[in-house]
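>>> here is a sequence with its predicted model. Questions after.
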Amino acid sequence: MNNRPSFLFSRYNSFKFAFKGLATVFRHEPNMHLHVMASIVVVVMAFRFEVTRTEWCMLIFCIGLVWMAETFNTAIETLTNLVSPEHNPLAGKTKDLAAGAVLLCAITAVIVGLIIFLPYWQTYFNV
Ligand SMILES: Nc1ncnc2c1ncn2[C@@H]1O[C@H](COP(=O)(O)OP(=O)(O)OP(=O)(O)O)[C@@H](O)[C@H]1O
């Protein structure tokens, strides 16, 4: 008799574990709280200025990119702490590289945000 869980049940479990990971990063990572607050500001401004469909796509892509980078960063930090709880230059380098990746994504998102919102701000503030 086949005791393997059904395809649907194992897919259901995969999604459950993925959402558990997301819940961990959104609840416990202070940097993720910052990203979420920045994203809320961006979404409110996008509604306020009625940005175009393409601009919405760019903004949502950037938000997803930063959230994804932060989630990977947290995974790498967690694994590094497991593998090397003691001080080790390679552990430090690993964490710095992961943090650098988040910074790159955040800088990209800021640049895209400025390109999209600057013209709207100019019109709004009459400058
Ligand atoms: N085991 C270690 N060995 C050497 N250096 C480490 C080690 N752990 C951390 N560091 C250094 O300290 C920095 C901060 O590490 P920490 O684990 O506190 O991450 P963090 O940047 O505070 O995480 P978060 O992104 O959650 O704020 C790392 O980027 C790294 O330079």
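Received the coordinates, thanks. Numbers count the residues shown, from 1 in each chain.
>>> how much space between the spatially most central residue of the chain and Phe17?
When the chain is reduced to its mean C-alpha position, the nearest residue by CA atoms, centre = their mean turns out to be Trp67, at 0.5 Å. Summarising the geometry, the distance separating Trp67 from Phe17, computed by CB to CB, to the nearest Å, is 18 Å. Bear in mind the C-beta positions are built from the backbone N, C-alpha and C, glycine included.
>>> for whatever residue of the chain ends up closest to the ligand, phi and psi?
Among residues of the chain, the one nearest the ligand by CB to the nearest ligand atom turns out to be Gly92. It sits 2.7 Å away. Here the main-chain torsion angles of Gly92 (degrees, to the nearest 10) amount to phi -60, psi -40.
>>> before we move on, what about Leu22?
phi -60, psi -40.
>>> surely it meets Glu70?
No - under the criterion of CB atoms under 8 Å, Leu22 lies out of contact with Glu70, with a separation of 10.8 Å.
>>> neighbour count winner among the two?
Comparing Leu22 with Glu70 by neighbour count (other CB atoms under 10 Å), the higher total belongs to Glu70, at 24 against 13.
>>> how about the contacts made by the more buried one?
Contact analysis of Glu70 by CB atoms under 8 Å, 6 or more residues apart in numbering lists 25, 29, 31-32, 35, 102.
>>> pick out the most distant pair among those.
Spatial extent of those (CB to CB) is set by the pair Val25 and Val102 at 11.8 Å.
>>> if you count surrounding residues, which of the two has more?
In terms of neighbours (other CB under 10 Å), Val102 is the more surrounded of Val25 and Val102; the figures are 22 against 19.
>>> name the element the more buried one belongs to?
Val102 is part of helix 89-125 when elements are defined by DSSP states H and E.
>>> mind giving me the packing neighbours of that helix?
Contact here means 3 or more CB pairs under 8 Å, 6 or more residues apart in numbering; DSSP states H and E; on that basis helix 89-125 packs against helix 30-48, helix 53-83.
>>> give the buried residues for the last one.
By neighbour count, with 16 or more other CB atoms under 10 Å as the criterion, the buried positions of helix 53-83 are 55, 58-59, 62-63, 65-67, 69-71, 73-74, 76-77, 80.
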